[in-house]
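[1] Here is my input; please provide its structure:
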Amino acid sequence: MDNLVSFGNKRNYEDFKKQIPIKILPLYDSIRDYCLLLGDKVVEDIRMHRIVFCKSMTFRWFADVAPQEDSVMIKIQKHRKETPIKIQVTPGEDLTSIKKTLKEAFETIH
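    Below you'll find the predicted structure:
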């Protein structure tokens, strides 16, 4: 987990998760954990209202994960010139296809 970075606001995940509604925290943690397990080159950029996951220090992002009141909004980008895919996930929803899409995006980013 040496690849965790934050620019400007110096927030860490413990501070960030205080703003996540309790009912979606397990879902958010699950998505975050999966993104971090995709490889050594995953970089986590904790921003004010969301976390952006990038590949290596080139900061080509593949996932932008934002907590909502009762769901998690995920923007997934496979290619810079394509419009990101937006997926709204609710607690209890099957994450199999979302994880597959996240992995494809991570592997596609150069």
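
[2] the helices in the chain, which residues?
    13-16, 25-36, 96-108 (DSSP state H).

[3] Taking the centroid of this protein, which residue is nearest it?
    The chain has residue 65 as the residue nearest its centroid, 4.0 Å off, counting by CA atoms, centre = their mean.

[4] That residue and residue 30, how far apart?
    According to CB to CB, to the nearest Å, residue 65 stands 11 Å off from residue 30. The C-beta positions use only the backbone N, C-alpha and C, and glycine is treated the same way.

[5] ok, now how distant is residue 98 from residue 63?
    10 Å.

[6] Sorry, wrong one. I was asking about residue 18.
    Counting by CB to CB, the gap from residue 18 to residue 63 is 21 Å.

[7] Can you pick out the residue with more neighbours from these two?
    residue 63 (29 against 8; other CB atoms under 10 Å).

[8] Roughly how far does the residue nearest to the more buried one when sequence neighbours are not counted sit from residue 70?
    Computed as CB to CB, 6 or more residues apart in numbering, the closest residue to residue 63 that is not its neighbour in sequence is residue 53, at 4.3 Å. As judged by CB to CB, residue 53 and residue 70 stand 22 Å apart.

[9] about what we covered before: I'd like the helices of the chain as a markdown table, with mean neighbour count, distance to residue 87 and mean pLDDT appended.
    Converted to a markdown table, these look like this (neighbours: other CB atoms under 10 Å; distance: least, CB to CB, whole Å; pLDDT from 0 to 100):
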| stretch | mean neighbour count | distance to residue 87 | mean pLDDT |
| --- | --- | --- | --- |
| helix 13-16 | 14 | 20 | 95 |
| helix 25-36 | 17 | 10 | 97 |
| helix 96-108 | 15 | 6 | 95 |
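
[10] would you list those helices in TSV and tack on distance to residue 85?
    Listed next are the helices of the chain as TSV, based on distance: least, CB to CB, whole Å:
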stretch	distance to residue 85
helix 13-16	23
helix 25-36	14
helix 96-108	7
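
[11] Which one's more surrounded, residue 53 and residue 70?
    A direct count of neighbours by other CB under 10 Å for residue 53 and residue 70 places residue 53 higher, at 25 against 11.
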